[in-house]
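>>> Coordinates for the following, if possible.
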Amino acid sequence: MFSRDPQGSAARMFSLMQTHAMDERSASYEQHLRVMQVIAGALSFGAVVFVVVAIVLRMNSPAPPIAGEGISLFLAGFAGVLLVIHLIVPVAIVRPLTAGDGRLTEGDWLRLLHSITVTRLAILEGATFLNVVAFILQHNWWSLAITGGLLLWMLPLFPTRTRVEHWIETQQLEQR
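Take a look at the predicted model:
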């Protein structure tokens, strides 16, 4: 009635072990992705809250603006520099790690992307804060326009599953 097939049992056991390993990998992957999403959301949301606070302060404050546009222009220029820097950072982080003979695993790439994403978003958040400060000091609405542009620039950096998987696959192909 029941036939003993040692190879079938071994195959089923191996399949169960693989499934368990994949579940553990998936759980770790999901945790990393969720942490990246929370941090990215917090950095973006913090900048949005600061913009709202600045607008409320401006609307309710009779304080005169600081004369001229020098501060606003300087901080807008510095935001431009930070925008360029945020594009250079991933290359500066990835290149030394991939220069050796060692191959990076998917988990290594995931942790690396986590670092890159947080660093890039923090740089953009800093540029955003600078322009909000310029708005508070000099009441230039174009400083808020720059801030809005920087916030929009942050949107595509939000780590979705598809973006993360695509980035890891691209890095693994370039590593070969």
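>>> what's the host helix or strand of residue 111 packed up against?
Element membership for residue 111, per DSSP states H and E: helix 106-138. Applying 3 or more CB pairs under 8 Å, 6 or more residues apart in numbering; DSSP states H and E, one finds that helix 106-138 makes contact with helix 6-60, helix 70-98, helix 141-154, helix 161-175. Every C-beta, even on glycine, is put in place using the N, C-alpha and C of the backbone.
>>> Mean neighbour count, those: which tops it?
Mean neighbours per residue, mean count of other CB atoms under 10 Å, is largest over the helices and strands packed on helix 106-138 for helix 141-154, with a mean of 17.
>>> Pull that helix out as PDB, backbone CA atoms only.
What follows is helix 141-154, C-alpha atoms only, in PDB (Å, rounded to 0.1, in the frame of the first residue of the first chain):
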ATOM      1  CA  TRP A 141       8.700  82.200  -2.200                       C
ATOM      2  CA  TRP A 142      11.100  80.900  -4.800                       C
ATOM      3  CA  SER A 143      13.100  79.300  -2.000                       C
ATOM      4  CA  LEU A 144      10.000  77.200  -1.300                       C
ATOM      5  CA  ALA A 145       9.800  76.400  -5.000                       C
ATOM      6  CA  ILE A 146      13.300  75.000  -4.800                       C
ATOM      7  CA  THR A 147      12.200  73.100  -1.700                       C
ATOM      8  CA  GLY A 148       9.300  71.600  -3.600                       C
ATOM      9  CA  GLY A 149      11.500  70.600  -6.400                       C
ATOM     10  CA  LEU A 150      13.900  68.800  -4.000                       C
ATOM     11  CA  LEU A 151      10.900  67.000  -2.400                       C
ATOM     12  CA  LEU A 152       9.800  65.800  -5.800                       C
ATOM     13  CA  TRP A 153      13.400  64.700  -6.500                       C
ATOM     14  CA  MET A 154      13.200  62.600  -3.300                       C
END
